[in-house]
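Chemist: kindly generate the corresponding structure for this input.
(chains A and B)
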Amino acid sequence: MSCFVRTKRLSLFLVKLVGKSSLSPHILCSSSWFCCPRKTAPYCVPSSALLQIRFWAAASTSDGLTLQAILANNWSILDENDGDWKSHASAIARSIHLIKRRLQWDKLKPRLDMLSFQLNKADFWDDPMRAAKLSREHGSLLGKMKLVNALEQDLLDHIDLIKLARQDNDAHLESESLKALVNMRKNAKEKELEALLAGDQDSCSCYIEIQAGAGGTESMDWAAMVMQMYMSWAQRRRYKVTVVDEMPGEIAGIKRATIKVDGEFAFGYAKAEIGVHRLVRISPFDSNKRRHTSFAAVAVIPILGDGSTHVQINESDLRIERFRAGGAGGQHVNTTESAVRIVHIPTGVTATCQNERSQHQNKASAMAVLQSRLDQLELARQAQLNAQHTKSLTDITWGSQIRSYVLHPYRMVKDLRTNYEVSDPDSVLEGDLDGFILSYLSASLDKDDDA
Amino acid sequence: MKVTLTSVYSPYCFPTLLKSSSLSTLCRPFCSSALPSPPTCVKPQVPIFLRPPIYSNKLCDLNKWHDWAKGVAFSIGSTFVHSDNGPDSSILCRELKWLMEDAVEVPSLDDERVRMRIDIEELYCLWKQRVHERRPFQYVVGCEHWRDLVLSVQEGVLIPRPETELVVDFVSDVVSENEELKRGVWADLGTGSGALAISIGGVLGSGGGRVIATDLSPVAVAVAAYNVHRYCLQDKIELREGSWFEPLKDMEGKLAGLVSNPPYIPSKDISGLQAEVGRHEPRLALDGGIDGLHALLHLCDGAALLLKPGGFFAFETNGEQQCKALIDYMENNRRGSFCNLEIRADFARIQRFVIGFRQ
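Modeler: Now for the predicted structure:
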């Protein structure tokens, strides 16, 4: 251990000599290493013995500060621009902690030990298929572990540097180190997000479906507001948004709608919005100015990429019908209403599209929706794991309320699952949803841990 | 009131394609070269969405128009639905959205001004025509989205119906299994806007198959030619002006396929049609005589004469009664000419099409 400390002291000294913090080149390269674990960072590790120490002994700064201690200190996290080093350190520590939870850190070590044991057995390669699989897993886990440990070590090194700089009154080194810490904070945040969105379908585009609850025009108006909220949210995230299907209310708002959100991780984020959204306000549709409570249900369906296996749909299992058909049709009728409804007879799943201007295109869009719904059903059947994210609109009971938007008598939006709340409903309704989404995604990790 | 959309802009002006309405020029290839302009020619109108965005308008003026137009649409409620099964407010609102899409250039100039393909004054006029005169939306914007095509349409040309899209699927199924038919010559009789001919031209692909499209109406032929040019299919689709088979005298026993959506509405039903259809669309493309079968029976006779053995045909009809009458006619009056006759339904479950093969 003393050797380790000395080595580090030496490296700190070297850094000081060179005059800039080039400690950890990999921190600056933002590769998405959760997706490709074999891509290892060019971190310079002195010796394998040292590596072992870094793995399993809790790493610490020269004065004994550990990641756990930083977390326990609960230093307040300020904005990136005006935080001191404690604030940055605390933010980075939290990100690392979260990534560790996502990787199921506590189970990682026993698993890795088991894999090493297997790898060293004399008859290991007798079954090449299994051997290849296990050695791949070993490599992947080891890679992830190295990276997280490197992240942790870098944090502590940076803290050491800052303290050293202060001791020696070296303003230049201090500001450089602080800058490096801020960079690291941004980077760790990105990695944290990647860790949160590591589910199989998370990277997919998705459909968001919105349905008005009971309550007539007021709740149809609310459903339209919810739809608008998601459209703005998607635009803020630079996703492409299209309305696939929209059934307007008689007076205002919508009865139901399906929007398509195209872009990377659209499903990963949007899945946090599944459930019932409740609005309390003085209804503009009530001449007596009374307070109303209304509900809108939201479902989110992933659109599986080309690489995934899609459910095979037999043409003969489909019933395609004109939406709102009636009368003699053909030359008798001139209508711009060319929506079709497609029914998948074996499952009863249906899809409609009325957004396109030709029947052919409406049919193609409806087929895409149908394909995604059937894929989703199949996913739910295969993996109970994902059950909470694969609910269709009909499964969402009006009891599964996830969020309350109160505009009167006070103003607040509160997530009932995470207790995350915001006092400015307007910004939320304008699509500023990321706070809610991220807090939910982090909270669901906690749940996974408990399970 | 007669509606004329005076189209002053014609940026896609190709050589005038038509040599009056003389029926003596039946077999002349149509798009071949720049013939000297005949004295009376039909100049196809340019759909709004293809016009250059030369107008600059204030966003607030556009919004004012939009609010007004929406009010007009809502004032209709379901009045038209009750009177003749016409559009209701929600359909009109969707059309309004599409009219905006076609008329307004995106993105806007800045926060206050938008570039438009048509002046706001004209938008007021067009929307009045749409709602108060029941002018079909497709004539208002000058186009119809049909299958994956956007076809130019105007007064004098039947607006292609969604039902007819299925005819292309039938042809596609047949040629995917029969390379010989795919390489052959197909005919679309009474082509109107050219919808079927253009789609089938696409389905035949680059294997040498081609389409001859005929129409009696010079306006239809001009509009179809415009559409064919827009999809760059002039090498594949030949337009001939004339009544049904008259321009096809050189094709006896040579056609690989024959499709048509002929007029099939019984004459007595014309007066009760939805206003958009009865008041604005060409009677020539709708009225099928006393029982509506006049053109269809003529097509059956022609199909027996022009299709080569194994050739395919698909006709659209008024419904179950006409389908059965046609099959009956082919099996009895044209015994031995056809085989594998089938009735196919449209998406509204109406028995709409008769398809089959030349024996």
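Chemist: low pLDDT regions in chain B?
Modeler: B:1-41 (pLDDT under 70).
Chemist: all strands of the stretch 151-300 of chain B, in order?
Modeler: B:185-189, B:210-215, B:237-241, B:255-260 (DSSP state E, counting those that start in this stretch).
Chemist: of all the ones you listed, which one comes closest to chain A?
Modeler: strand B:255-260 (12.4 Å; Cβ to the nearest Cβ). C-beta here means a position set from N, CA and C on the backbone, and glycine is covered the same way.
Chemist: just checking, what packs against the closest one?
Modeler: Applying 3 or more Cβ pairs under 8 Å, 6 or more residues apart in numbering or on different chains; DSSP states H and E, we find strand B:255-260 packed against helix B:165-177, helix B:179-182, strand B:185-189, helix B:195-204, helix B:294-306, strand B:307-316.
Chemist: JSON lines please, covering the ones you listed and showing mean neighbour count and distance to residue B:45.
Modeler: Output for these, formatted as JSON lines (neighbours: other Cβ atoms under 10 Å in any protein chain shown; distance: least, Cβ to Cβ, whole Å):
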{"stretch": "helix B:165-177", "mean neighbour count": "18", "distance to residue B:45": "24"}
{"stretch": "helix B:179-182", "mean neighbour count": "16", "distance to residue B:45": "34"}
{"stretch": "strand B:185-189", "mean neighbour count": "28", "distance to residue B:45": "22"}
{"stretch": "helix B:195-204", "mean neighbour count": "26", "distance to residue B:45": "17"}
{"stretch": "helix B:294-306", "mean neighbour count": "20", "distance to residue B:45": "27"}
{"stretch": "strand B:307-316", "mean neighbour count": "22", "distance to residue B:45": "26"}
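Chemist: nearest to chain A, of those?
Modeler: Nearest to chain A, of these and by Cβ to the nearest Cβ, is helix B:165-177 at 5.2 Å.
Chemist: is the closest one positioned near chain A?
Modeler: Yes - using Cβ under 8 Å from any Cβ of the partner chain, helix B:165-177 comes into contact with chain A via residue B:165.
Chemist: which strands or helices does that helix pack on?
Modeler: helix B:179-182, helix B:195-204, strand B:255-260, strand B:307-316, strand B:351-358.
Chemist: include distance to residue A:436 when you put those into CSV, please.
Modeler: Shown next, in CSV, are these (distance: least, Cβ to Cβ, whole Å):
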stretch, distance to residue A:436
helix B:179-182, 56
helix B:195-204, 48
strand B:255-260, 56
strand B:307-316, 53
strand B:351-358, 51
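Chemist: which one of these lies nearest to residue A:220?
Modeler: Nearest to residue A:220, of all these, is strand B:351-358, at 35.9 Å by Cβ to Cβ.
Chemist: of all the helices and strands packed on strand B:255-260, which lies closest to residue A:127?
Modeler: Of all those, helix B:165-177 sits nearest to residue A:127, with 47.0 Å by Cβ to Cβ.
Chemist: please work out which of the strands of the stretch 151-300 of chain B is packed deepest.
Modeler: Comparing those by mean neighbour count (mean count of other Cβ atoms under 10 Å in any protein chain shown), strand B:185-189 ranks first with a mean of 28.
Chemist: quickly run through the sheet partners of it, with directions.
Modeler: Strand B:185-189 pairs in its sheet with strand B:210-215 (parallel), strand B:255-260 (parallel), by DSSP bridges.
Chemist: hmm, back to that, and of the helices and strands packed on strand B:255-260, who's closest to residue B:73?
Modeler: Nearest to residue B:73, of those and by Cβ to Cβ, is helix B:165-177 at 26.7 Å.
Chemist: quick one: that closest one to chain centroid distance?
Modeler: In terms of Cα atoms, centre = their mean, to the nearest Å, the centre of helix B:165-177 is found 18 Å from the chain centre.
Chemist: using CSV, write out every CA atom in it.
Modeler: Coordinates of each C-alpha in helix B:165-177 appear next as CSV, following Å, rounded to 0.1, in the frame of the first residue of the first chain:
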residue,chain,number,x,y,z
GLU,B,165,-55.9,2.3,-55.4
LEU,B,166,-56.6,-1.5,-55.0
VAL,B,167,-56.6,-2.0,-58.8
VAL,B,168,-52.8,-1.4,-58.7
ASP,B,169,-52.5,-4.0,-56.0
PHE,B,170,-54.2,-6.5,-58.2
VAL,B,171,-51.9,-5.7,-61.1
SER,B,172,-48.9,-5.9,-58.8
ASP,B,173,-49.9,-9.3,-57.6
VAL,B,174,-50.4,-10.6,-61.1
VAL,B,175,-47.2,-9.3,-62.6
SER,B,176,-45.1,-10.5,-59.6
GLU,B,177,-45.9,-14.0,-60.6
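Chemist: any idea of the angle it forms with strand B:185-189?
Modeler: Orientation check (axes from the mean of the first three to the mean of the last three Cα atoms, to 10 degrees): helix B:165-177 against strand B:185-189 gives 170 degrees.
Chemist: could you check the angle helix B:165-177 makes with helix B:195-204?
Modeler: Using the same axes, to 10 degrees: helix B:165-177 against helix B:195-204 is 20 degrees.
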